[in-house]
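> for reference, the sequence and a predicted model appear below.
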Amino acid sequence: MNALDQKINTHFPGLVVRKDLVQTVKGNSVVPSYVLEYLLGQYCATCDEATIHTGIDTVREILRKHCVQRSEAGLVRSNIREKGRFKVIDRISAALNDRTDAYEADFASLGIKHVVLDPSTVRAHPRLLVSGVWCIADIEYSFTEETDGTPWSVASLKPIQLSQCSLEDWITTRRLFSTDEWIALLVQSMGLNPELFSRRSRLTQLVRLIPFCERNYNLMELGPKGTGKSHIYSEFSPHGILISGGEVTVPKLFVNNSTGRIGLVGYWDCVAFDEFAGQQKRVDKALVDIMKNYMANKSFSRGVETIGADASMVFVGNTQHTVPWMLQHADLFCDLPEKFHDSAFLDRIHFYIPGWEVDILRGEMFSSGYGFVVDYLAEILRSLRTLDLSDRYQQEFSLSPELSTRDREGIHKTYSGLMKLLFPDGKATPEEQQELLQFAIEGRRRVKDQLLRIDPTYRQVRFYFQDLSGAQHQVDTQENLQYPTAAAPLPADTERRASPVNVEDKSTNPTPRAPEPAPREQHLTFQDNQKGLSYDSLFGPWLAGATQITLTDPNIRTPHQLQNLIEFLDTILRNKSPDIQTAVHLNTTRSDTSPDQNPAFEQIRDAMQPSDLHFTWTYLHPTDFTQPAITTNHGWHLTPTLGLDIFHPWPIHNPYHPTNRLQTERAGRGFEVRYLHCRIQGT
């Protein structure tokens, strides 16, 4: 275990589990992850390896004996008959039989129906009446000759979820972790390896949790396949439900007027619609209208009665086009069904997750560290729904007065959700508040920018916030910064975007600008996950004509960092004259974990010699480094804050992936570069 895993086990004993164990015990079981983690939490919530191995065997045995597979349902029913009583794990739903005035349960995998339930069980677990709940139940068998009778009965039933948790203990223990540690813990609890995600990418993942801790939160995520959009809503929490196919009826979602039964929004904290995109899907106009009212007013009508509910709504789907294509020819909502491609509906969306920024999940991106047992975290998130932290930024910042009421509501709810997840006591530094506020504003601006394309009646507003000094902090979306020429034309009297200010003033200008083609002194800031960057544009013009170049970078160790070095040398080759010899010297640190470092340097040196590029290197002690730098013998001094390691790791072992050939396709890590020119003596 690393230091964070040890700290997690110390302060949350019995409430955390190693996340890779889920796949270890899952096998061919069809139960969701939170069911498996419930069992793992009973037997493997420890850091003792011997206990973990014993617990894994116990959980596997429980799944083998008691988890009902549809193909073996007949055998399980026979076991119940022979033994008289047997424990099963199954998805159970209930309904009221008004002819017998009794509640009856159906077992999805076991295949038995009309099993009488005690009314107190239904009152304690009302979600049994809507779509069903995964439970551990003791089933009894007693044959009866009555025509309408059933031999099956439920001796006991327990939904698979934590019975109780303490929000106060959660908040108190949170203070023992730094912000970075806490974010890493939450990301690990989602089953992901935080080391392979940038700060921005981690926040993007955490936004997926907001519907579970924020009431009536409307979230949309559209992006490529394979990024884990629906996993969090189907596997993560017993308080959320995922509707496959994206199609649902008004009675199922809101209320059945003939029976009076309340739909899904009355019983679940989060209702997610999978595969929501698809222009050819048939959509009931009445459903769209009632969803608009619910998403705006937190209520819906049943005849003459108005009913309130607090379920959040999530819409996830796949996009068919690239971001620049959508910006150039349509909008970022263009893949939605026609009746949902409606400005009034879309204006209710509080945050749009840019799914194209989320990496396609690869094997190494899943966590093997410790995270909260899912049902424990699910109960904590549910308890957090009672808090409201939407106003905590107002002591330090104020929003643009141009924003509409819905703009403000979307920003407030996202900010409140992130604060609950990261700072449940409401105490965050001004810098931390600014980060969350800016992120919340960007997500809402992504919605508003597309509304301006869809409906010309919407008014252009400036998205910014103001600090106590009066400085305005403009907020733009990542895709607008990356593809500025693809933005839709605005009215003639409206500027496309606020005019850039002095790039030295980073506090008031978070907007990065591409380097000028001619080398000049400047200071550039680039955002996390920004694409379109390359060594050719960042360094090439400043390296042209140099015969001696010194690269100081302590992080040339891993395979992708060595690839960065090769591509940096390629940039030098493209900018040097064939008849000139160029010497490149690397100052770096020796790796204790990568034995291939020195042999790799030797191969690079030998490979570059035919091109008159002479590569040498020196290992320095880590204490000898001040900051990464690139220095040339014709006076340029460049200081990229991350050295050459400006890209997030890409699938380097997949030779067919475009990121292995084109740096501009890789996502940047968020960094700065300062370009200074020093007069050389004698010139």
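Structure's in. What do you need?
> CA atoms for contacts and neighbours, from now on please.
Will do.
> tell me the confidence at the closest residue to residue 196 other than its chain neighbours?
Counting by CA to CA, 6 or more residues apart in numbering, residue 365 is the residue found nearest to residue 196 once chain neighbours are left out, at 6.4 Å. With respect to pLDDT, residue 365 scores 85.
> what does residue 317 give?
93.
> in a strand, it, correct?
Yes - assessed with DSSP: H, G, I helix; E, B strand; the rest coil, residue 317 lies in a strand.
> can you count the residues close to it?
Residue 317 is flanked by 24 other residues according to other CA atoms under 10 Å.
> repeat that for residue 48.
So residue 48, with other CA under 10 Å, has 9 neighbours.
> now swap in residue 550 and tell me
Counted with other CA under 10 Å, residue 550 comes out at 18.
> part of a strand, is it?
Yes - with three-state DSSP as the criterion, residue 550 is assigned to a strand.
> which ones are touching it?
Neighbour list for residue 550: 584-587, 629-632 [criterion: CA atoms under 8 Å, 6 or more residues apart in numbering].
> what pLDDT does it get?
pLDDT, read off for residue 550, is 96.
> where in the stretch 151-300 of the chain is pLDDT low?
For the stretch 151-300 of the chain, residues meeting the criterion pLDDT under 70 lie at 161-164, 245-246.
> for the closest residue to residue 126 other than its chain neighbours, give me its contacts.
Using CA to CA, 6+ apart and skipping residues adjacent in sequence, the residue nearest residue 126 is residue 267, 7.4 Å away. Contacts for residue 267 (CA under 8 Å, 6+ apart) come out as 126-127, 130, 311.
> and residue 20, by the same measure?
So residue 20 contacts 191, 366-369 (CA under 8 Å, 6+ apart).
> phi first, then psi, for it.
Note on residue 20: its backbone torsions stand at phi -70, psi -10 [degrees, to the nearest 10].
> ok, the most centrally placed residue in the chain to residue 345 distance?
Closest residue to the average C-alpha location of the chain: residue 205 at 1.6 Å, with CA atoms, centre = their mean. Relative to residue 345, residue 205 is positioned 24 Å away (CA to CA, to the nearest Å).
> then residue 387?
27 Å.
> also residue 635?
57 Å.
> pretty sure residue 122 contacts residue 132?
No - counting by CA atoms under 8 Å, residue 132 is not a contact partner of residue 122; they are 11.4 Å apart.
> rewinding a little: residues in contact with the residue nearest to the centre of the chain?
Contacts of residue 205 by CA under 8 Å, 6+ apart are residue 187.
> just residue 211 next, same as before
217-219, 269-270, 312-314.
> list the helices and strands the longest strand along the chain packs on?
For the chain, the strand that runs over the most residues, judged by DSSP state E, is strand 85-97. Applying 3 or more CA pairs under 8 Å, 6 or more residues apart in numbering; DSSP states H and E, one finds that strand 85-97 contacts helix 49-66, strand 102-107, strand 133-141.
> need the ones you listed in a markdown table with mean neighbour count, mean pLDDT and distance to residue 486, can you?
As requested, the helices and strands packed on strand 85-97 are arranged in a markdown table below (neighbours: other CA atoms under 10 Å; pLDDT from 0 to 100; distance: least, CA to CA, whole Å):
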| stretch | mean neighbour count | mean pLDDT | distance to residue 486 |
| --- | --- | --- | --- |
| helix 49-66 | 16 | 88 | 53 |
| strand 102-107 | 20 | 91 | 53 |
| strand 133-141 | 20 | 90 | 47 |
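> now these as a markdown table including distance to residue 280?
Shown next, in a markdown table, are the helices and strands packed on strand 85-97 (distance: least, CA to CA, whole Å):
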| stretch | distance to residue 280 |
| --- | --- |
| helix 49-66 | 41 |
| strand 102-107 | 34 |
| strand 133-141 | 32 |
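> which one of those lies closest to residue 647?
Nearest of the helices and strands packed on strand 85-97 to residue 647, taken as CA to CA: helix 49-66 at 36.4 Å.
> just the CA atoms of that closest one, as CSV, please.
The C-alpha trace of helix 49-66 is given here as CSV (Å, rounded to 0.1, in the frame of the first residue of the first chain):
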residue,chain,number,x,y,z
GLU,A,49,-3.8,-9.6,3.2
ALA,A,50,-4.6,-12.9,4.9
THR,A,51,-8.0,-11.6,5.9
ILE,A,52,-8.6,-10.3,2.4
HIS,A,53,-7.9,-13.7,0.8
THR,A,54,-10.1,-15.4,3.2
GLY,A,55,-12.8,-12.9,2.6
ILE,A,56,-12.6,-13.3,-1.1
ASP,A,57,-13.1,-17.0,-0.8
THR,A,58,-16.1,-16.3,1.5
VAL,A,59,-17.7,-13.8,-1.0
ARG,A,60,-17.2,-16.2,-3.9
GLU,A,61,-18.9,-19.0,-2.0
ILE,A,62,-21.8,-16.7,-1.1
LEU,A,63,-22.2,-15.7,-4.8
ARG,A,64,-21.9,-19.3,-5.9
LYS,A,65,-24.5,-20.6,-3.4
HIS,A,66,-27.0,-17.7,-3.1
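> what residues of the helix or strand following it count as buried?
Next helix or strand after helix 49-66 toward the C-terminus (DSSP states H and E): helix 73-83. Residues 73, 76-77, 80-81 are the ones in helix 73-83 that count as buried (16 or more other CA atoms under 10 Å).
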